[in-house]
Structures are given as C-alpha cells and as structure tokens.
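Trainee: Sequence first, predicted coordinates after that:
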Amino acid sequence: MKINVDDLQELPSHRLSLEFNEELDVTDAVKPVVGELVVTFGATGMRLVGNVKTLLKLSCQACLRPYFQPLSVDVEELFVPTGSMEAEFEKGAPRDRELHGDDFYEELPADGIVDISDVVYQAVTLASPVFSRCGEECPGPPKPEASGTGGLSGGNSASGKDERPIDPRWKNLKSLFPNEE
C-alpha cells in the first residue's frame, strides 16, 4: 500500500483513514496484518498513526513447544520534507539534548510516494518478541529420559555409582575432591 503525498495534500482535510489488511513477510506471522491507520499532512510533514494486529506462531525457548501469541502494535511515524533535517542543525539546535518522540522522523522520498506497507512491516518486526516463552505455566526444558544406560540419562548401576568412563578433559577435577565419588 503506497500513499502519494500530493494526493494527500489535495484532500480537503489533508487526512486519510485506511483499513490496513495485508499479508506481510513477517517472520512467524500466521495471519495477515490488519488494523486502522490515519495519514495526515500538515506543516511539519506527513504523519502516520494507528494500530495493527496479527497472530504469531512462536516456539517457546524454554520448553520448545509451539504456541500462538497475538501481537498488537501502535504505529506512529513522521515523514518530513527533504532538507528539514539540515535546516534544524543550521538553526543552531543543540546536538546534546534529551530526545523526544517528535525527534525521530524520516525524510519524505523524493518522488513523494510513501510505502505504508514497509512502515507497518518494520513496526511489526521490531515489536516481535526476541525471547519467547509460552507463559507462566511453562514446564521448562525437557527432562532427559531415564533409560538407565548411556546417552543423556547417565550410566547409574544398581549400586548407585556412575559406571561411565570420565571424560579425559575432566579427570584433573577429580583431584580437587579425592574423597568424593
């Protein structure tokens, strides 16, 4: 979905409401990204504001089970005319100051066409969880099977002693605790 800034300026209110519904190439998304967006044009440039939602299928990084997680993202992006950034520095705006929400913006493309789908894609990708856990009831990492011989289960015999040979890289550690098994 693309918006031409010239078309937006020609609207009586310089405002356009959009119903966003697109299949974006967002990792783990199983449903289209849907939502309502409002695009306005004013003295500072073009502003895109709204909320989009989708459903993600993630794998829990603790128990490794798949689960679904809804994702709701508030989108707010400001596009300023080309050259506005340089003009601000020429006015003597201090470079060492606290940043606010309106300090983050992008330049309007030279052709005047803004790709709304790309803005939404970036917002959803940045809002996707980096670490995923299925919830408070997560059972945790899978437990090794207790088969009795080799593998991850250990090699305990009926006497309770581990009969597996010690890895040669760990043999020197046994000298630290000579009285323990």
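Mentor: Now that the structure is in, tell me what you want to look at.
Trainee: Could you list the residues in contact with stretch 24-40?
Mentor: Contacts with stretch 24-40, where a contact means C-beta atoms under 8 Å, 6 or more residues apart in numbering, come from 3, 8, 14-23, 46-58, 68, 75, 116-117, 120-121, 124-125, 128. Heads up, the C-betas are built off the backbone N, CA and C, glycines and all.
Trainee: now these: which count as buried?
Mentor: When the contacts of stretch 24-40 are checked for burial by 16 or more other C-beta atoms under 10 Å, the buried set is 3, 8, 20, 46-48, 50, 52-54, 56, 58, 75, 116, 120-121, 124, 128.
Trainee: Quick check: the gap between the most centrally placed residue in the chain and Val26.
Mentor: Nearest to the mean C-alpha position of the chain, by C-alpha atoms, centre = their mean, lies Ser128 at 2.8 Å. Distance of Ser128 to Val26, given as C-beta to C-beta, to the nearest Å: 7 Å.
Trainee: what residues are up against Lys143?
Mentor: Residues near Lys143 by C-beta under 8 Å, 6+ apart: none.
Trainee: Phi first, then psi, for it.
Mentor: Backbone torsions for Lys143, taken as degrees, to the nearest 10, come to phi -80, psi 140.
Trainee: What distance do you get for it to Glu137?
Mentor: Separation of Lys143 from Glu137 (C-beta to C-beta): 16 Å.
Trainee: One more: Asp28?
Mentor: Taking C-beta to C-beta, one finds Asp28 at 21 Å from Glu137.
Trainee: Compare the two and say which one has the larger neighbour count.
Mentor: The residue with more neighbours, out of Asp28 and Glu137, is Asp28; 17 against 6, by other C-beta atoms under 10 Å.
Trainee: Leaving aside the residues adjacent along the chain, what's closest to that one?
Mentor: For Asp28, ignoring the flanking residues on the chain, the nearest one in space by C-beta to C-beta, 6 or more residues apart in numbering is Leu56 at 4.5 Å.
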